[in-house]
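Novice: What would the 3D arrangement of this be:
(chains A and B)
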Amino acid sequence: MIAINSSRSLDNQQIVTFHCGNLLLGLEISRVQEINRQTDVMTISEAPDPVHGVINLRGEVITVIDLRTVLGLSANPQEGMARNVVVRSNGERIGLMADGISDIIDVSARQIELTPSNIDGIESRYFAGITTANGNLVVILNLDEIMEVD
Amino acid sequence: MSLTDPEILEEFVVESVEHLTDVENQLLQIEEDGENIDDNLVNTVFRAVHSVKGVSGFLGFDNISSLAHRLENVLNLIRNRQLVPIKSIIDRMLSAADDLKKMIGDAEVSNEADISEHLSWLDEILASANTHTANAPFVPPAVTSAPPKPAPAEPTATAEDQQVSNEPTSPVLVNKKSTVVEKLTKPERVPLRPGTNPTENYIRVSVNTLDQMMNLAGELVLNRNRLLQFVGSCQDSRIESVSAGIDQVTSKLQEAVMQTRMQPVGTVFSRFRRIVRDLSAKLGKNCELDIEGSDVEVDKSVIEAIGDPLTHLIRNSVDHGVELPSVRAKRGKRTKARIRLAAYHQGGKVRIDIDDDGGGIDTKRLIESVVSRNLMTVEEAEELSEREAMELVFHPGLSTAAAVTELSGRGVGMDVVRTNIEKFGGSVEIESEHLQGTTIRIVLPLTLAIVPSLIVSFGKQFFAIPQVNIRELVRVPMEERNDRIKTIKGVEVLRLRGELLPLIRMAEALRLKDPPVPYDAKLEIQPTNIVILESGQTRYGLVVQNMEDSEEIVVKPLGRHLKSCPSYAGATILGDGHIALILDIAGIASKAHITSSKAKESEPDFDPKLERLDQQSLLLFANHPSEQFAIPMGLVSRIERVRADQVELIGNQEVIKYRDGILPLMRVEQAISSMPTEMNNKLNVIVIALAHREVGLVASEIRDIKDVAMNLDPASLPERGVMGTLVINKVATRILEILDMVRTVHPIWIPEQEFCTNSHRTGRTKKILFSEDSTFFRNYLGNYLIELGYDVVDVENGFIAWEYLLKHHDEVGLVLTDIEMPALNGFELCQRIRQTPNVQHLPVIALSALADDDALRRARQVGFDDYLVKVDRGKLCESIKQLMSKSNDHHCQVLELAEV
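Specialist: Now for the predicted structure:
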């Protein structure tokens, strides 16, 4: 039993899904440290475009990136629904602004398909794959590429 | 066997590096001990090398293992008194240890390194020792096995496991503090029994964890503050006592966390023994390095920052500072040169001195070298004072060493050293006496993690400006804005004491968006706040919207996406949880294309009348709502707030207890005609220091402190005790003359001023040359001096004073000068006097509106005899009397000599 379970868990991934513009995006749960409502950022005018600003995360000053700008999505802010998805990247904590959290889904590797060359005209390098959850298309992000922006 | 687990590899590297950190100094100490072998010391090194051998052998790093093995064998011979550790042997061991460390640092490719030379050297040492003591047991059985084999009993041992592994010679994690070399000779230092292993008191903690702890402690402080606020509104005493407990613990916790980051400077200093030894040998010099204050603790960030600049300076001392033994012998010095490296705490900072008793700096050669490189004209060079000439050492691209050497480069570097040290808020000074030696003094903050800063704001956004960059704060009132802020060639400039400073508007430079507040007409009439900033050679004014408090901020780095922002050096979190970005002063300047602006630009249509009005800081107070008085801030030592019932009467005299003594009080109405003081429950006592005593002036209401142009007309002094009248804050204000007031009320408090008596001593009157650009003060003080019986020549600026002095130097007995003056300021005037043979003996007194530490220091440097605050006539009189008599004595001596 145990052996079967562990093999399944190796195969399975938990994906955190959230809304951004008109897309449902996903991130592997191990990359996400926390999700909070800290969306009141201090903006830095000199910063490159995708950088939304900085926030105080329990005494640490972390950069917050606006996913919509990175992906070139249209603004679709829903009052009060916005969330800050804090991820780890190269030993640094970075926040991603999302329009709202959806769910955590279990998918097996077989359910993840490679990305078509583009989705809604967005560069494919930002995506790691596509899957479905409750009939909705979930676009799994390639976090390292997202973090490459400057 | 190859190693794949990076965690085990890292463990090995960290641990081995720790074992070998001090091996260098330990070997040097062994060399110094010579035949008097310190068993404990040799054992320590032996064990360190042994444990490296063991683990590396197990992990398959054969090169590391076999080199460590050879070293271990040599150490064993030393330990068994079969080998005397002479210099040549230690040399080879040092060099082997160096490569051992290098290989450990790059362990994965260590097997490709070529160590054959080391092996053959060490084998040679071993063989020669063996032939001498063929019959003696060579090495103890425990470590004889030639091919490396796994030493630790448990292959998977972690660092902690190894500390307590059952092998008797297992690694000992040496207490960090005891790595200080001076302590090495103490025999009881290294415990041999595993039970008393000092490792139990120390564990390794990653810096990341410490940083995280510091963040969390900071957050805890914020939460505590909120809690205290909340508790303040509760009435429950139990909650109060709990919160008081939390308050205390939080503060202690924060302190303790800061303490974890402190390290002794010895960790940097210890490496210099080797550097001095090797460098001296290479250059044929004979130097010893004295280290003092190794245990002075500073923050990790400072330790990291000072390594390179210090290395440079120590190398310089050996290479350029200290002479060859033959030269030293000729100069009658001890052939062994001494370099002293000392650290101590001084006024909340760390001071590091590097002294050598070498040849000193030859300023003549410095000047020659500057001139020959066309960095300065001959005329400019001649103008330099000794101190300014010394400063040339920091000129980019300059060397005094006769020959360029491989080791200390071409003398480029002192400028880099200074720039680097200044970058983190430190300073470097150099002092040198030709042929006697050089002292370099470095002053550093205790930590770079905490920076005293001024917080400024724009709307709801906060920014921090490091205090080290701030020269002064200027407020330009609305009325003066058009006069003082102008646009020249499209650049906004501020007129500040005859100098034009480029202005940068913070909101524009940082492209801050307007805060969402409705237009406020009040903003228009508010004064313009300008922070005068300096970074290296660049100076400018930053126009800010609001100035908040000064705070000690904890520097936090910005994420990698923000590294490219030139205007920001980092961020911090303020007491209320807000983020403030730390401004990069140099970055903002270069973004705005402001470069070196230190050279004074003078304005074409500069109106001297506007600037020469002497600004004086005045304390405004009132005893009755309808009467406002002012006294110069320079006279005020402090303001005490007391209850009316604290005022006691001794005879007719009102007094209060003040510090350890009794302070007599004086009321304005006692001295000049004015309304009586309104007595409230509380009153203010303005403590004023006279030449001989302190007196308290009673004030029922303190109103303001204001910088005011003193364009008084002294010719119509309205009454004794009043300097003049001015309209300040739209109220007619009498400026009080304290000395006259005291003389009216208590004549005995002020010793009768002796009139100048020099005329009958020398037969002729020596003049006081008085240089002052403010007409008011020139007349006011000039008349006062004449009243005292002196002969006074007053001039408008330093340059006129200088010309007068050159022509009439034999008539002048004392020079009294303002500091801020056009053409030639007080510092420059004094400097010239001190450099010119027939006037350099003259007493020179500086007069200034306010005395800050910087100005005082500078005054001492250029050679002022005294530095006084303008409005303090009592002290001025004292000082003149004293210095004049000295000057006359000097004159008498000269006359007597002439007669002889």
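Novice: C-alpha from now on. contacts and neighbour counts both.
Specialist: Fine.
Novice: Can you name the residues that contact A:Asn56?
Specialist: Contact analysis of A:Asn56 by C-alpha atoms under 8 Å, 6 or more residues apart in numbering or on different chains lists A:Ile62, B:Ile573, B:Gly577, B:His578, B:Ile579.
Novice: Can you flag the buried ones in those residues?
Specialist: Among these, those classed as buried by 16 or more other C-alpha atoms under 10 Å in any protein chain shown are A:Ile62, B:Ile573, B:Gly577, B:His578, B:Ile579.
Novice: Could you tell me which residues of chain B lie near chain A?
Specialist: For chain B, the contact set with chain A under C-alpha under 8 Å from any C-alpha of the partner chain comprises B:215-216, B:218-219, B:461, B:510-512, B:556-559, B:561-562, B:564-565, B:567, B:571-573, B:577-579.
Novice: can you tell me which of these are in strands?
Specialist: Members of the residues of chain B next to chain A lying in strands (criterion: DSSP state E): B:Gln461, B:Ala571, B:Thr572, B:Ile573, B:Ile579.
Novice: will you turn those residues into JSON lines that also has distance to B:Phe777?
Specialist: What follows is those, written out as JSON lines (distance: C-alpha to C-alpha, whole Å):
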{"residue": "B:Gln461", "distance to B:Phe777": "44"}
{"residue": "B:Ala571", "distance to B:Phe777": "47"}
{"residue": "B:Thr572", "distance to B:Phe777": "46"}
{"residue": "B:Ile573", "distance to B:Phe777": "48"}
{"residue": "B:Ile579", "distance to B:Phe777": "48"}
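Novice: Now pLDDT too, for those, in CSV please.
Specialist: Below are those laid out as CSV (pLDDT from 0 to 100):
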residue, pLDDT
B:Gln461, 88
B:Ala571, 91
B:Thr572, 89
B:Ile573, 86
B:Ile579, 91
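Novice: quick one: B:Met821 is in a strand?
Specialist: No. Under DSSP: H, G, I helix; E, B strand; the rest coil, B:Met821 sits outside any strand and is assigned coil.
Novice: Settle this for me: it is touching B:Thr775, isn't it.
Specialist: No. Using C-alpha atoms under 8 Å, B:Met821 is not in contact with B:Thr775, being 11.9 Å away.
Novice: Just want to know which of these two has more residues nearby.
Specialist: Set side by side, B:Met821 and B:Thr775 show more neighbours around B:Met821, with 23 against 18, by other C-alpha atoms under 10 Å in any protein chain shown.
Novice: Tell me who's in contact with that one.
Specialist: B:Arg612, B:Glu772, B:Asp773, B:Asn797, B:Gly798 are the contacts of B:Met821 under C-alpha under 8 Å, 6+ apart.
Novice: Find the closest residue to chain B in chain A.
Specialist: A:Gly59 (4.8 Å; C-alpha to the nearest C-alpha).
Novice: how distant is stretch A:34-45 from the center of its chain?
Specialist: Taking C-alpha atoms, centre = their mean, to the nearest Å, one finds the center of stretch A:34-45 at 15 Å from the center of the full chain.
Novice: Repeat that for stretch A:95-114.
Specialist: Relative to its chain's centre, stretch A:95-114 lies at 8 Å (C-alpha atoms, centre = their mean).
Novice: Using CSV, write out the CA atom coordinates for it.
Specialist: The C-alpha atoms that make up stretch A:95-114 are tabulated as CSV, following Å, rounded to 0.1, in the frame of the first residue of the first chain:
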residue,chain,number,x,y,z
GLY,A,95,5.7,38.4,-4.5
LEU,A,96,3.5,37.9,-7.6
MET,A,97,0.3,40.0,-7.8
ALA,A,98,-2.7,37.9,-8.7
ASP,A,99,-6.3,38.9,-9.2
GLY,A,100,-7.6,36.2,-6.9
ILE,A,101,-6.9,32.7,-5.6
SER,A,102,-8.9,29.8,-7.0
ASP,A,103,-7.9,26.4,-5.6
ILE,A,104,-5.3,23.8,-5.1
ILE,A,105,-5.6,20.9,-7.5
ASP,A,106,-4.0,17.5,-7.7
VAL,A,107,-2.8,16.5,-11.2
SER,A,108,-0.7,13.6,-12.4
ALA,A,109,2.1,14.2,-14.8
ARG,A,110,0.1,12.5,-17.5
GLN,A,111,-2.6,15.2,-17.2
ILE,A,112,-0.1,18.0,-18.0
GLU,A,113,0.3,18.7,-21.6
LEU,A,114,3.0,20.7,-23.2
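Novice: Determine the number of other residues adjacent to residue 21.
Specialist: Defaulting to chain A. 19.
Novice: oops, I was thinking of chain B
Specialist: Other residues near B:Thr21 number 18, with proximity taken as other C-alpha under 10 Å.
Novice: Can you give me the pLDDT of it?
Specialist: pLDDT recorded at B:Thr21 is 81.
Novice: try B:Phe755
Specialist: 42.
Novice: Now do the contacts for the residue of chain B found nearest chain A.
Specialist: Nearest residue of chain B to chain A: B:Asn215, at 4.8 Å (C-alpha to the nearest C-alpha). By C-alpha under 8 Å, 6+ apart, B:Asn215 lies in contact with A:Arg58, A:Gly59, A:Glu60.
Novice: now these as CSV including pLDDT, neighbour count and secondary structure?
Specialist: Shown next, in CSV, are those (pLDDT from 0 to 100; neighbours: other C-alpha atoms under 10 Å in any protein chain shown; DSSP: H, G, I helix; E, B strand; the rest coil):
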residue, pLDDT, neighbour count, secondary structure
A:Arg58, 82, 17, coil
A:Gly59, 79, 23, coil
A:Glu60, 84, 24, strand
